[in-house]
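Novice: Show me the folded form of this:
(one chain, ligands or ions: 2)
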Amino acid sequence: MNEGLLEFLKREREAEWRIELRSKMKNKERTELERIHMPEQDAQLRSGNFKEVNEGLTEEQALVEASRCLDCPKPTCITGCPVGINIPKFIKKIESGEFLDAARVLKETNALPAVCGRVCPQEVQCEQVCFYAQKLDKDPVAIGNLERFAADYERNSGKISVPEITKKNGIKVASIGSGPAGLAFAGDMAKLGYDVTIFEALHEIGGVLKYGIPEFRLPNAIVDVEIDNLERMGVKFVKNFIVGKTASIEDLKKEGYIAFMVGSGAGLPNFMHIPGENYIGIYSSNEYLTRINLMNAADPQYDTPVISGKNVAVIGGGNTAMDSVRTAKRLGAERAMIIYRRSIEEMPARVEEIKHAKEEGIEFLNLHNPVEYKADEQGRVKSMKVQKMELGEPDASGRRRPIPVEGSEYTIDVDTVVVSVGVSPNPLIPQSMKDLDVSSWGTINVDKEKMQTSIPEVFAGGDIVRGGATVILAMGDGRRAAASMDRYIKGRVRELLSLIGEFKSIGDILDFAR
Ligand SMILES: Cc1cc2nc3c(=O)[nH]c(=O)nc-3n(C[C@H](O)[C@H](O)[C@H](O)COP(=O)(O)OP(=O)(O)OC[C@H]3O[C@@H](n4cnc5c(N)ncnc54)[C@H](O)[C@@H]3O)c2cc1C
Ligand code: SF4
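Specialist: Ligands and ions are numbered 1, 2, ... in the order given. The predicted structure follows:
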């Protein structure tokens, strides 16, 4: 944490209301309180419905949990937050019962707190470096649950604060993609007075927040509130518009857009390229989840098909795999299995997702890898051959390398397989702009501070730059891109003004420009 920030936090901590709050309870009493467990839907019940699993803290629970926070002089928690939320301040606002103010503090640095409170991996970010976890070896303050509480309180109160907007300047800028990177970018640019349009390829706004993460983890209604807010700030949304196909960036420039933010994500699924992977009933997790989340495939009243298999195998160990397998269970699978080539400790999914999946009756076949699929005479998958694995030395990722155990293959009956072994950047934008500097992985290369690409008026952030990361990182990128695009545009305007100064009259300028 840099000295300037520490100084600022110290000054804030010395505010009268914070001193008074700290004096109300001794630190010893605070640290003796147990972390409040978030109420959740019964596992048996929830594995048959799409309602949210976590039910949120009550006001009483939030007050107790907030009082566990020690309002540390050096709040290490902040260093673990990718967007630097003023964590002790928002928590102390909760402790003092000023829930709307708590939400306001969150929104100073986080455009989507209700989303992040639900899906951020706090256990490896802010909560991992909380004083409780670092020095007391106790459960950290439930920062994520408190963030969700404050954001939900604000939404339910109907008093959502729409940020103040600088006088509109009429300058047209565009975001390509409406995921968290594009949304965060749009919010900041609208605040600065720009005329912002988001172009989205799909028929829904929200990116992975809508098409990937299922209702039982992140209800669409929560994302919609954030989108409505942007609309109220004047952001325009154009759906079913594929930049690079429907129109190119050059076409958009002719329409008056002068700068662009590419937040097109990493939605291109990876496959394993093993025999039989093209059989009917084998989906990528993106297709499987999109059909269900965006196209109502699980609802018999809709025409979009999806196979509600009885024996479903999901290949992979990340959040996407966990979302797919838990979705399959909710669609009636009798056997919903995770097939993952490493051990449970190496799974990249959030600890909470793994715990919830286990409670819901998901089978974990760790140290297993599929090697071949077999189909019936109609070409529909009916079984898969899997091979057992053991762990060797750590590889480049730092995780122990899975090694196949010779002769350990056996067959499992399956009627649906969801392949969830990672994603690659969406290739359309990188391919459609020849001067854009792109890495060998297909991600767009940017100046990390400015998020500016090799084309000065094009900025980029989120998964298209990082190649599959997290919501909060995508949002942070979107916000940085907005700040530097604003500086870039203002710089250009200043350049033009200095040129204009050379002319004697408006007439001369017009003559010159003709
Ligand atoms: C199933 C799943 C679960 C996840 N769970 C979590 C989690 O729990 N916590 C977490 O932090 N992260 C999670 N992630 C990762 C996280 O969602 C992403 O890192 C994040 O959404 C990236 O944001 P983005 O804005 O870069 O891209 P996206 O959210 O992918 O949005 C990109 C948007 O751009 C649109 N687009 C693409 N090309 C074009 C084009 N040419 N023209 C117009 N529009 C275009 C796409 O349709 C899409 O809507 C999960 C991801 C998945 C798939
Ligand atoms: S480190 Fe933990 S206890 Fe200290 S201010 Fe942050 S949340 Fe509170």
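
Novice: Work out for me the element R291 sits within.
Specialist: Per DSSP states H and E, R291 falls inside helix 285-295.

Novice: Then P370?
Specialist: P370 belongs to strand 368-375, assigned by DSSP H and E.

Novice: picking up where we left off before, just the buried residues of the helix holding R291, please?
Specialist: S285, N286, Y288, L289, T290, R291, I292, N293, L294, M295 (16 or more other Cβ atoms under 10 Å). Placement of C-beta: from N, CA and C, glycine included.

Novice: Nearest to L230 among the residues you listed?
Specialist: L294 (19.4 Å; Cβ to Cβ).

Novice: excluding its backbone neighbours, what's nearest whatever residue of the stretch 251-400 of the chain ends up closest to ligand 1?
Specialist: Nearest residue of the stretch 251-400 of the chain to ligand 1, counting by Cβ to the nearest ligand atom: G265, 2.3 Å away. Of all residues not flanking G265 in the chain, D463 sits nearest, at 4.5 Å (Cβ to Cβ, 6 or more residues apart in numbering).

Novice: From what I see, that neighbour and A469 are in contact.
Specialist: Yes: using Cβ atoms under 8 Å, D463 is in contact with A469, at 6.0 Å.

Novice: the more surrounded of these two?
Specialist: D463 (29 against 16; other Cβ atoms under 10 Å).

Novice: Would you check the buried residues of helix 285-295 and say which has the weakest pLDDT?
Specialist: Note: of those, the lowest pLDDT belongs to M295, at 79.

Novice: Is the residue of the stretch 251-400 of the chain closest to ligand 1 part of a helix or strand, or is it coil?
Specialist: coil (DSSP: H, G, I helix; E, B strand; the rest coil).

Novice: Please see if the host helix or strand of I19 touches ligand 2.
Specialist: I19 is located in helix 16-23, with elements delineated by DSSP H and E. No: for a cut-off given as Cβ under 6 Å from any ligand atom, helix 16-23 has no contacts with ligand 2; the smallest distance is 10.9 Å.

Novice: Heading C-terminal from that helix, find the next helix or strand.
Specialist: Per DSSP H and E, the helix or strand that comes after helix 16-23 is helix 27-32.

Novice: Go through that next one and flag the buried ones.
Specialist: In helix 27-32, counting by 16+ other Cβ under 10 Å, buried: R30.

Novice: Which residues does that helix contact?
Specialist: Applying Cβ atoms under 8 Å, 6 or more residues apart in numbering, the external contacts of helix 27-32 come out as S67, R68, C69, L70, Y132, L136, K138.

Novice: got the residues of the stretch 1-150 of the chain near ligand 2?
Specialist: Counting by Cβ under 6 Å from any ligand atom, the stretch 1-150 of the chain sits next to ligand 2 at 69-72, 75-77, 87-88, 130-132, 141, 143.

Novice: which among these end up buried?
Specialist: Buried, going by 16+ other Cβ under 10 Å: 69-72, 75-77, 87-88, 130-132, 141, 143, out of those.

Novice: in the helix or strand following the strand holding P370, what counts as buried?
Specialist: Counting by DSSP H and E, the next helix or strand C-terminal to strand 368-375 is strand 381-394. Neighbour counts over strand 381-394 (16+ other Cβ under 10 Å) mark V381, K382, S383, M384, K385, V386, Q387, K388, M389, L391 as buried.

Novice: How about stretch 409-424?
Specialist: I412, V414, D415, T416, V417, V418, V419, S420, V421, G422, V423, S424.

Novice: Name the residues linked to the fourth one by a beta bridge.
Specialist: It refers to T416. V312 (DSSP bridges).

Novice: Next: the first one.
Specialist: Taking DSSP bridges, one obtains M384 as the residues bridged to I412.

Novice: For it, give me its contacts.
Specialist: N311, A313, M337, S383, M384, V386.

Novice: ok now the helix holding R291, how far from the chain's centre?
Specialist: 17 Å (Cα atoms, centre = their mean, to the nearest Å).

Novice: still on that earlier bit, out of the contacts of helix 27-32, list just those in helices.
Specialist: With helices taken from DSSP state H, the overlap with the contacts of helix 27-32 comprises S67, R68, Y132.

Novice: which bits of the stretch 201-350 of the chain sit near ligand 1?
Specialist: Going by Cβ under 6 Å from any ligand atom, the residues of the stretch 201-350 of the chain near ligand 1 are 201-202, 207-208, 212-213, 242-244, 263-265, 267, 289, 319-320, 323, 350.

Novice: do that again at 8 Å, thanks
Specialist: Taking Cβ under 8 Å from any ligand atom as the contact definition, the stretch 201-350 of the chain meets ligand 1 at 201-202, 204-214, 217-218, 241-246, 263-267, 285-286, 289, 318-320, 323-324, 350.

Novice: Select only the buried ones of those in PyMOL?
Specialist: Buried members of these, defined by 16+ other Cβ under 10 Å, are picked up in PyMOL with:
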select buried, resi 201+202+204+205+206+207+208+209+210+211+212+213+214+217+218+241+242+243+244+263+264+265+266+267+285+286+289+318+319+320+323+324+350
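
Novice: related to what we said a few turns ago, going by distance to K374, which of the buried residues of helix 285-295 wins?
Specialist: Of the buried residues of helix 285-295, the one sitting nearest to K374 (Cβ to Cβ) turns out to be Y288, at 20.3 Å.

Novice: R232: neighbour count?
Specialist: 13.

Novice: ok, it - contacts?
Specialist: By Cβ under 8 Å, 6+ apart, the neighbours of R232 are V162.

Novice: Ramachandran angles for it?
Specialist: When read as degrees, to the nearest 10, the backbone of R232 gives phi -60, psi -30.

Novice: Quick check: the gap between it and ligand 2.
Specialist: 32 Å (Cβ to the nearest ligand atom, to the nearest Å).

Novice: Give me the neighbour count for E215.
Specialist: 18.

Novice: May I have stretch 165-174 exported as PDB, CA atoms only?
Specialist: Provided in PDB are the C-alpha atoms of stretch 165-174 (Å, rounded to 0.1, in the frame of the first residue of the first chain):
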ATOM      1  CA  ILE A 165     -23.200  13.400 -14.400                       C
ATOM      2  CA  THR A 166     -20.900  16.100 -15.600                       C
ATOM      3  CA  LYS A 167     -22.400  18.400 -18.300                       C
ATOM      4  CA  LYS A 168     -23.000  16.300 -21.400                       C
ATOM      5  CA  ASN A 169     -20.300  16.900 -24.100                       C
ATOM      6  CA  GLY A 170     -22.000  15.100 -26.900                       C
ATOM      7  CA  ILE A 171     -18.800  13.200 -27.900                       C
ATOM      8  CA  LYS A 172     -19.700   9.700 -29.100                       C
ATOM      9  CA  VAL A 173     -17.700   6.700 -27.800                       C
ATOM     10  CA  ALA A 174     -18.600   3.100 -28.000                       C
END
